[in-house]
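In: A structural model of the following input is requested.
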Amino acid sequence: MNRARRARIVATLGPASRAPGMVKALAQAGVDVFRLNFSHGSHEDHAANLKAVRGAEIALKRPLGVLADLQGPKLRLGRFANVEIDVKLGHKMRFDLDPTPGDETRVQMPHPEIFKALRTGMLLLLDDGRVRLKVGERTDEWADVTVLSGSKLSDRKGVAVPEAVIPVSALTPKDREDLAFALRLGVDWVALSFVQKAEDMAELKRLVNGQAACLAKIEKPQALTDLESILDYCDGVMVARGDLGVELDPEEVPVAQKQILRAARRRGIPAIVATQMLESMTASPAPTRAEASDVANAVYEGADALMLSAETASGDYPMEAVGIMSRIIERVERDPLWPGLMDAEHAGMDEHDVDALVAAARKAAEAQSTACMVVFTTTGGTARRMARERPLQPILTLTPKPETARRLALVWGLEPRLGPEPKSLEEVTDLAVSSAMDYGLAEPGQRILILAGTPFGAPGAANLLRLAHAPAKAKGKK
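Out: This next block holds a predicted model:
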C-alpha cells in the first residue's frame, strides 16, 4: 500500500479512534504514524492502542510508527474559594505559596521555581494567554501582579512565563513512569514536552538509550534561542504551535515555524507541524478555507509530517479529517510550482562521502526514465539523507529491522518496507529491482537508482550507487 504523497500524516488516538477497526481504517485513509498522548488516558488504554496499530500494520503490510507524547510539567494556579473571580485592567493581587483557597486579593501559585525565575516587569500569561499580568515586587515566595488584560480567572489555570527559563526538569515523575512504560510497549518515537534547553533532550536521550527515536516539541520561546543545541540531541522535532502561540505574539509563530523547519531540513531530521491544523473538524465534516491553506503552506514549506490532535482523538469526524488532510497534501504536490519551492528550501551538503553520493543520486534521478530510488539501510541514516534532498521519485527503503522501518514512516517521501540484508552486489541489484516492481513503484524498462553500503550487513553510511533497469519480465514474487 503505497502513498500517493510525500508528506506524512500523524494522528492522535483517543476515544473517537481507538477501536481496532477504526485504527486500520485511519491507516488506510492515510495515517503513517499514530500518536499516544500521555496527557490523557491510562496505561491500559495506550497498550490497547499500540496493539491495534500493530494489528493494522500486519493487515495492511505497511510499517506504521507509534509516537509516545509525554505530558511534561504543568504549571498551574491553585484554587479559589468561589472557583472563579472577576479581573480587569489594573486589578492587583498577589501570588504566593499558601495553599489556602484564594480570592480577589491573592491565590496560591504552588511553584517555587517560578518565583525564583521571576523579575520585576516580566510578563505572566494565564489560561492560555487569556489573562495577561505584569510582575511588580517579588521574592522567592510571592509576587505582586497587575492585570494587563482579561476578564475572569478560575481554578487551576495554566501559568506561562515567556521571558524566563524556569528551573524545572522537562521530565516529571509521571513522565518518567510513562516513558518506562512506553519503552516496554515498544513505541518507535518519544516526544518530550516543555523543552527549554539542550540538557532537557540530553536527559531524555540518556534514559531512552536507543530504544526509540527522540523528538523535541518546540513550544517554549526559550527553545528557539537554543534551537541548534537542542537539535544536537534530536532525531526529530515538532513545531507545537498551540503552546508556542501562547507565549509568542501571533505574528511570530509563522516565522518560528519556518525557522524550525529549515533547521531540521539542514540536519536531515523529520519535522512535524502540529496543533489546530484542522481544528474546526472536531465538530464539522469540512475544514475552514484558512485551515486548508494552513495545511497547504506547511507542505510548501517542506514539513515531513502534519499532525492531527483533537480532530482524530475526540472529534466527530476523524476519518474525514485524515481524508481531507491527505487530499490537500496530494493537491499541493501536484502543483507545478511546488518542486521549485522545495528547492528554494534546499540545505547545503555536509562534507561527507555519503552526502556526495546522495547528491549524485538526486541529480541522476532527474532523468524522466527514473521510476524510483531504492535505499538499503540498517539504521535509517542514508534514507533520511536521501529524503533531505527531496527527490520527486518514490524512495523505497528496504531494511531488515522492523524498528527502523517504523521510525522511517515519519520521514518525507520514504516508503519503508522490511527486506532481507543483501549479501552481494548482484543480490543488491536483484532485490532492488524485484522489490520496486513487486511494490508497484517501477514498470518494465524503467530506471531504478540503488543506494547501498558495503561491506553488506554492517551498519554504516552508503558508499555504493548503482543504476539498474526493470526487465521486461519482473524477477521475484508476484
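
In: Tell me which residues touch Ala405, please.
Out: Neighbour list for Ala405: 63, 397, 399, 416-418 [criterion: Cβ atoms under 8 Å, 6 or more residues apart in numbering]. C-beta here means a position set from N, CA and C on the backbone, and glycine is covered the same way.

In: Those in helices, which ones?
Out: The helices, defined by DSSP state H, take in nothing from the contacts of Ala405.

In: Now list the buried members of those residues.
Out: With neighbours counted using 16 or more other Cβ atoms under 10 Å, these contain these buried positions: 63, 397, 399, 416-417.

In: Turn these into TSV, including distance to Arg54 and pLDDT.
Out: Below are these laid out as TSV (distance: Cβ to Cβ, whole Å; pLDDT from 0 to 100):
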residue	distance to Arg54	pLDDT
Pro63	10	98
Thr397	20	97
Thr399	17	96
Pro416	15	97
Arg417	16	97
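
In: what's the helix or strand for Phe115?
Out: Under the criterion of DSSP states H and E, Phe115 resides in helix 112-117.

In: Show me how far that helix is from its chain's centre.
Out: Relative to the chain's own centre, helix 112-117 is displaced by 30 Å; criterion: Cα atoms, centre = their mean, to the nearest Å.

In: what's around Gly210, how many residues?
Out: Look at Gly210: counted by other Cβ atoms under 10 Å, it has 8 neighbours.

In: and if you look at the one 5 residues further on?
Out: Residues contacting Leu215 under the criterion other Cβ under 10 Å number 25.

In: which SS class is it?
Out: Assigned by DSSP: H, G, I helix; E, B strand; the rest coil, the conformation of Leu215 is strand.

In: what do you get for Ala182?
Out: Assigned with three-state DSSP, Ala182 falls in the helix class.

In: Next up, the contacts around it.
Out: Neighbours of Ala182 in contact, by Cβ under 8 Å, 6+ apart: 36, 38, 46, 68, 190, 212.

In: and the residue most central in space within the chain, how far is that from Ala19?
Out: For the chain, the residue nearest the mean C-alpha position is Ile272 (3.5 Å; Cα atoms, centre = their mean). Ile272 is 25 Å from Ala19, where distance means Cβ to Cβ, to the nearest Å.

In: Surely Ala56 and Gly21 touch.
Out: No - counting by Cβ atoms under 8 Å, Ala56 stays clear of Gly21, with 9.2 Å between them.

In: Compare those two (neighbour count), which wins?
Out: Each of Ala56 and Gly21 has its neighbours counted (other Cβ under 10 Å); Ala56 has more, 22 against 10.

In: Now that one. Nearest residue, chain neighbours left out?
Out: Spatial nearest neighbour of Ala56, chain neighbours left out: Lys24 (4.0 Å); criterion: Cβ to Cβ, 6 or more residues apart in numbering.

In: swap in Val295?
Out: Once flanking residues are discounted, Val295 sits nearest to Ile328: 4.7 Å by Cβ to Cβ, 6+ apart.

In: Contacts only, for the one you found.
Out: By Cβ under 8 Å, 6+ apart, Ile328 lies in contact with 292, 295-296, 299.

In: need the helices for the stretch 1-150 of the chain, in chain order.
Out: 20-29, 43-60, 112-117 (DSSP state H, counting those that start in this stretch).

In: Figure out which of those helices is closest to Thr139.
Out: Ranking the helices of the stretch 1-150 of the chain by proximity to Thr139 (Cβ to Cβ) places helix 112-117 first, at 7.0 Å.

In: Sort out which residues of the closest one are buried, please.
Out: The neighbour-count check on helix 112-117 (16+ other Cβ under 10 Å) flags 114-115, 117 as buried.

In: quick one: Met386 is in a helix?
Out: Yes - per three-state DSSP, Met386 lies within a helix segment.

In: From Glu104, how far out is it?
Out: 61 Å.

In: The two - which one has more neighbours?
Out: Between Met386 and Glu104, counted using other Cβ under 10 Å, Met386 has the larger neighbour count: 29 against 14.

In: what stretches of this structure score poorly on pLDDT?
Out: The model of the chain has pLDDT under 70 over residues 346-353, 457-461, 473-478.
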